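Asker: Predicted model, plus sequence, below.
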Amino acid sequence: MRENAGTKSANNTACLTLSNITIRLGGRMLIALTAGIAPGEVLTIMGPSGSGKSSLLAFVGGFLDPAFDAGGRVLIGTRDLTEIAANQRHAGILFQDPLLFPHLSVGGNIVFAIPAAVKGRSARRRLAEAALDEVGLGGFYDRDPDTLSGGQKARVALQRVLVSHPRFLLLDEPFSKLDAALREQTRELVFSKARSAGLPTILVTHDSADAEAAGGRVIEIGMEEQG
Ligand SMILES: Nc1ncnc2c1ncn2[C@@H]1O[C@H](COP(=O)(O)OP(=O)(O)OP(=O)(O)O)[C@@H](O)[C@H]1O
């Protein structure tokens, strides 16, 4: 396996700052949070179903549904992202489902995410092949994503995010569909990549083993605290 082939983000020394974030739904306060997340740090958010964890990630990523009433600021370094469109925030997002494009090959999924500044088909292909190789999927470039196992899909989704050179990661239960052994392996891979790329990361999970493996602070949000 090659090391950091095309997926190591440059200049990721910026903190992600969540300043006085509030998210209300129908007048009810779901989230009230201030936190700073250092490069390579994973902040874990836990809480019961419906407590607003995914809504928090959506606010940070810039895609919160307007049905919510949200306030506060999101900064990466000194850059205020709050009014910036989702596709300009450079967030790397992983969901429960890897959401690979079924009409593209495995390699095509990765090439899709490589910044346009990388010119030339063969250069883009080489980067994608290297990114696959890096996670033990050398030779999978032309495969149909539907033929991959859950763990393999999760690794493709991770590399697709990393080749885009995100400034921070938002992880919404990305391990929850994997069986125990695979879950452990995949989360170690994700956290080690986040650390080595210096990416501030927010993890939403129901699983305390995920939180422990993340090794950072854990914030519990709960419906009982809201009024
Ligand atoms: N687009 C929307 N419009 C209105 N209400 C919504 C919308 N999306 C989510 N909600 C509601 O907002 C609340 C918070 O939802 P959210 O998905 O953020 O919770 P969660 O903590 O991530 O839950 P889970 O752990 O089940 O994923 C829930 O009551 C949900 O029904």
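Answerer: Thanks, I have it. Numbers count the residues shown, from 1 in each chain.
Asker: from here on, contacts and neighbour counts on C-alpha atoms
Answerer: Noted.
Asker: List of residues touching the helix or strand containing T44?
Answerer: Applying DSSP states H and E as the criterion places T44 in strand 42-46. For strand 42-46, contacts defined as Cα atoms under 8 Å, 6 or more residues apart in numbering pick out 37, 53, 191, 200-206, 211, 214-221.
Asker: let's see it at 10 Å
Answerer: 35-37, 52-54, 56-57, 169-172, 191, 194-195, 199-208, 210-222 (Cα atoms under 10 Å, 6 or more residues apart in numbering).
Asker: Nearest residue to R155 in space, please, no chain neighbours.
Answerer: Leaving aside its sequence neighbours, R155 sits nearest to V135 (Cα to Cα, 6 or more residues apart in numbering; 6.6 Å).
Asker: quick check, distance from the lengthiest helix in the chain to the centre of its chain.
Answerer: If you go by DSSP state H, the chain has its longest helix at helix 180-196. Computed by Cα atoms, centre = their mean, to the nearest Å, the separation of helix 180-196 from the middle of its chain amounts to 12 Å.
Asker: ok, now stretch 95-109?
Answerer: That offset, for stretch 95-109, works out to 15 Å (Cα atoms, centre = their mean).
Asker: Run through the neighbouring helices and strands of the longest helix of the chain.
Answerer: Judged by 3 or more Cα pairs under 10 Å, 6 or more residues apart in numbering; DSSP states H and E, helix 180-196 is in contact with strand 42-46, helix 150-163, strand 168-172, strand 201-204, helix 208-214.
Asker: For the helix or strand of the chain with the lowest mean pLDDT, list every residue counted as buried.
Answerer: When each helix and strand of the chain is scored by mean pLDDT, DSSP states H and E, helix 180-196 comes last, with a mean of 92. Neighbour-count burial for helix 180-196 flags 182-183, 186-187, 190-191, 193-195 (criterion: 16 or more other Cα atoms under 10 Å).
Asker: Using JSON lines, please lay out the residues you listed together with distance to D80.
Answerer: What follows is these, written out as JSON lines (distance: Cα to Cα, whole Å):
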{"residue": "L182", "distance to D80": "37"}
{"residue": "R183", "distance to D80": "34"}
{"residue": "T186", "distance to D80": "32"}
{"residue": "R187", "distance to D80": "29"}
{"residue": "V190", "distance to D80": "26"}
{"residue": "F191", "distance to D80": "25"}
{"residue": "K193", "distance to D80": "25"}
{"residue": "A194", "distance to D80": "22"}
{"residue": "R195", "distance to D80": "23"}
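Asker: near the ligand, which residues of the protein?
Answerer: 48-55, 65, 67 (Cα under 6 Å from any ligand atom).
Asker: Just the buried residues of the residues you listed.
Answerer: 51-55.
Asker: Please work out the angle formed by the directions of the least confident helix or strand of the chain and helix 150-163.
Answerer: Per axes from the mean of the first three to the mean of the last three Cα atoms, to 10 degrees, the angle that helix 180-196 makes with helix 150-163 is 10 degrees.
Asker: now the strands: where do they sit in this protein?
Answerer: 16-25, 28-37, 42-46, 68-76, 79-80, 91-94, 168-172, 201-204, 218-220 (DSSP state E).
Asker: Looking at these, which one is packed in the most?
Answerer: Each of those was scored by mean neighbour count; the highest is strand 201-204, a mean of 26, by mean count of other Cα atoms under 10 Å.
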